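Asker: fold the following and give me the result.
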Amino acid sequence: MRTNSVTIPRWFDRHLHIRDGEMLKTVLPCTLNQKATGAIIMGNLKPPDETSTIEKTRAYQQRIISALPPDSDFVLCMTLYLTDDISPEEVVRGFKENIWRAVKLYMADQKGLGGTTGSQSGVKNLLGRYKVFEAMEKYGIPLLGHFEAVEKDVDEFDREITSLERDLIPLLNSFPGLPIVFEHLTDGNVADFIAEADYNIQATVTAHHLMINRNAMFSGGMNPGCYCKPVPKRETHRQKIRRYVTSGNPRFGAGTDSAPHNEEAKLHCYGCAAGIFTAPVAVELYTTVFDEDGALQNLGGFLSENFLSLYDMKVSSETMTIEHTSLLIPKKIGPDQVFKGGTELQWKLVG
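Answerer: Numbering: from 1, shown residues only. Predicted coordinates for the structure are as follows:
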């Protein structure tokens, strides 16, 4: 018998890009309209290290606050963009002063070898940051990692598993008490590790990585609308991650990695911007995945509950309802094409 509606606690986006300036004003309402209680705000802006100090992060936070409605209850969970320069003392001070809720790790792409947007100012020497990780472990500060190896000799589709073996496992062994989130997971072998590891590790998963495999990047020719970092992987990887997510495994939670770009940058023939804009229909996309897998009973855990305490958030006492009814996805909002724009979903967030 078909379920006609689903009511769950208001959700929390564990990975969100809302950019800055005019784009911020355009895309922030998309997440607010999706009934989110708050979000982990990623800060790889222009310049990329715009949230690499307390002062810069506070200034960015104020720009976001100025774009919020006066009565908004949306919780801004800011992140520190980790560099090779910041001291352990400043990391801890910013955490104690509630400037940021977590630290975001990008491996530096200094040579333009295809790292994610804004990664060129990231960490060049991971071992050199071990004093920072030691302090983070002591104070329970979460590390949110973009774990992709960015070297010329690493295959594009092996970047996550390579970074797991080379970077993440030594980190976990050196700092077993450090809470770590593997961001925007796409590799099924990494998913196996996270599901079974005897460590304090979780993973965020995007809606688009649950819905497309790497073929989508070449559908109808080169398809920049489905190009993101990490790139989608083989169908076997997508199916494995979907099974973990929709089964209700509490180590996996919703993080959209909604990443808007202006159309010119996104459709550029060479150097196309990596990122997929899902924020306008994120809840409906995730609901579609769980419905297709016959697992709507597990949607609330994934969207609204799993490992929220890691970010000092609580499960909301307020609810939201998604109804089984037609929803036409807009082709474009503001600067960018919306993921699956122009197509219909059979679920709609109604309140």
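Asker: what's near enough to touch the nearest residue to T51 once chain neighbours are set aside?
Answerer: Excluding the flanking residues, the one nearest T51 by CB to CB, 6 or more residues apart in numbering is G43, at 3.0 Å. C-beta: built from backbone N, CA, C; applies to glycine. G43 is in contact with 50-52, 57, 60, 78-81, 104, counting by CB atoms under 8 Å, 6 or more residues apart in numbering.
Asker: and G94, by the same measure?
Answerer: Counted by CB under 8 Å, 6+ apart, G94 has contacts 54, 57, 80, 100.
Asker: same question for S258.
Answerer: Per CB under 8 Å, 6+ apart, neighbours of S258: 13, 16-17, 27, 30-31, 276-279, 282.
Asker: against which helices or strands is the helix or strand of the chain with the lowest mean pLDDT packed?
Answerer: In the chain, no helix or strand scores lower on mean pLDDT, DSSP states H and E than helix 263-266, which sits at a mean of 84. With contacts defined as 3 or more CB pairs under 8 Å, 6 or more residues apart in numbering; DSSP states H and E, helix 263-266 has these neighbours: strand 336-337.
Asker: partner strands of the strand it packs on, parallel or antiparallel?
Answerer: If you go by DSSP bridges, strand 336-337 pairs up with strand 332-333 (antiparallel).
Asker: and the nearest residue to S304 once chain neighbours are set aside, how many neighbours?
Answerer: Leaving aside its sequence neighbours, S304 sits nearest to P9 (CB to CB, 6+ apart; 4.1 Å). Residues near P9, counting by other CB atoms under 10 Å, number 20.
Asker: now do the least confident helix or strand of the chain: everything it contacts.
Answerer: 224-225, 272-273, 275, 332, 335-337.
Asker: buried ones only from these, please, as a PyMOL command.
Answerer: Burial among the contacts of helix 263-266 is assessed by 16 or more other CB atoms under 10 Å; the matching PyMOL selection reads:
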select buried, resi 224+225+272+273+275+335+336+337
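Asker: from the contacts of helix 263-266, which is closest to V154?
Answerer: C272 (20.3 Å; CB to CB).
Asker: returning to that earlier point: most neighbours out of the contacts of G94, which is it?
Answerer: L80 leads the contacts of G94 on contacts (other CB under 10 Å) with 28 neighbours.
Asker: so what touches the helix or strand that contains that one?
Answerer: Secondary structure assigned from DSSP states H and E places L80 in strand 75-81. Contact with strand 75-81 is made by 37-44, 48-52, 57, 60-61, 64-65, 86, 91, 94, 99-104, 106, 121-122, 144, 311-313, as judged by CB under 8 Å, 6+ apart.
Asker: that older thread, any idea how far T319 is from the residue nearest to S304?
Answerer: According to CB to CB, to the nearest Å, P9 and T319 sit 6 Å apart.
Asker: one more: T186?
Answerer: From T186 to T319 the distance is 31 Å (CB to CB).
Asker: ok, those two, which is more surrounded?
Answerer: Under the criterion of other CB under 10 Å, the comparison of T186 against T319 puts T186 first, with 27 against 13.
Asker: got the CA coordinates for stretch 203-215 in CSV?
Answerer: Taking Å, rounded to 0.1, in the frame of the first residue of the first chain, the C-alpha atoms of stretch 203-215 are listed here in CSV:
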residue,chain,number,x,y,z
ALA,A,203,30.0,10.2,6.4
THR,A,204,27.7,12.7,4.6
VAL,A,205,26.1,11.7,1.3
THR,A,206,24.6,14.0,-1.3
ALA,A,207,21.3,13.5,-3.1
HIS,A,208,23.0,13.7,-6.5
HIS,A,209,25.5,10.9,-5.7
LEU,A,210,22.6,8.7,-4.6
MET,A,211,20.8,9.3,-8.0
ILE,A,212,23.5,9.3,-10.7
ASN,A,213,26.6,7.4,-11.6
ARG,A,214,29.5,8.5,-13.8
ASN,A,215,27.6,7.8,-17.0
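Asker: in it, what counts as buried?
Answerer: Result for stretch 203-215 [16+ other CB under 10 Å]: buried residues 203-214.
Asker: likewise stretch 59-75?
Answerer: Buried, per 16+ other CB under 10 Å, within stretch 59-75: 60-61, 64, 67, 75.
Asker: how far does that stretch sit from its chain's centre?
Answerer: 20 Å (CA atoms, centre = their mean, to the nearest Å).
Asker: what's the answer for stretch 280-287, then?
Answerer: Distance, centroid of stretch 280-287 to centroid of chain: 14 Å (CA atoms, centre = their mean).
Asker: same deal with stretch 131-142?
Answerer: That offset, for stretch 131-142, works out to 21 Å (CA atoms, centre = their mean).
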